[in-house]
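[1] Generate coordinates for the sequence data below:
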Amino acid sequence: MRRLQENPVPTRLKLSAMWTATMFCYVYGDYFGLYVPNKLASVAQGTMGPLGAATPGTLVAVSLMMAIPSLLIASTLLVPEAACRWSNITFGALYTAIVAISMSGAEPFYIALAIIEMFLTASVMLVAWTWPVAKGDGM
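    Below you'll find the model as predicted:
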């Protein structure tokens, strides 16, 4: 049997791919949540579950919270290494915590996705933390 050549995946690409997968889980979780009984009626009345009323301020805050992982998909590929590493460690930890907090009383499908999301964001932290040092750099 022929062996395929394995090329190492660059750290930035790994991180960007993990944020992309995380965002898909977030989107599917929100989409599947629309099928929970009475969810659409609640949305139609302007309620955002435990966050309460869907005020303009709440909507902006939640939008910004969800924009950060989206922006990390691109910024991981574009910003300098040090900023990339520390932003991935920081936001990986933050979003792991956010998902862990949001699991209480959740539907089984959401818990399944949340576990995957936490695995991905914890993996982001690990990959960023163990980012290889360039050869010849004594630090």
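[2] Mind telling me what element the most centrally placed residue in the chain is part of?
    Nearest residue to the geometric centre of the chain (C-alpha atoms, centre = their mean): Thr22, 4.2 Å. For Thr22, the host element (DSSP states H and E) is helix 11-33.
[3] What are the buried residues along the helix or strand of the chain with the lowest mean pLDDT?
    For the chain, using mean pLDDT, DSSP states H and E, the weakest element among its helices and strands is helix 39-44, scoring a mean of 88. For helix 39-44, the neighbour count (16 or more other C-beta atoms under 10 Å) marks no residue as buried. Every residue, glycine included, has its C-beta placed from N, CA and C.
[4] Contact partners for the residue nearest to the centre of the chain?
    Contacts for Thr22 (C-beta atoms under 8 Å, 6 or more residues apart in numbering) come out as Pro69, Tyr95, Glu117, Leu120, Thr121, Val124.
[5] name the element the closest residue to it other than its chain neighbours belongs to?
    Nearest non-adjacent residue to Thr22, counting by C-beta to C-beta, 6 or more residues apart in numbering: Leu120, 4.5 Å away. Secondary structure from DSSP H and E places Leu120 in helix 108-129.
[6] Go through that helix and flag the buried ones.
    Buried residues in helix 108-129, counted by 16+ other C-beta under 10 Å: 110, 113-114, 116-118, 120-125, 127-128.
[7] Specify the local secondary structure of Val133.
    Of the three states, Val133 takes coil under DSSP: H, G, I helix; E, B strand; the rest coil.
[8] how many neighbours does it have?
    By other C-beta atoms under 10 Å, 8 other residues sit near Val133.
[9] and if you look at Arg85?
    20.
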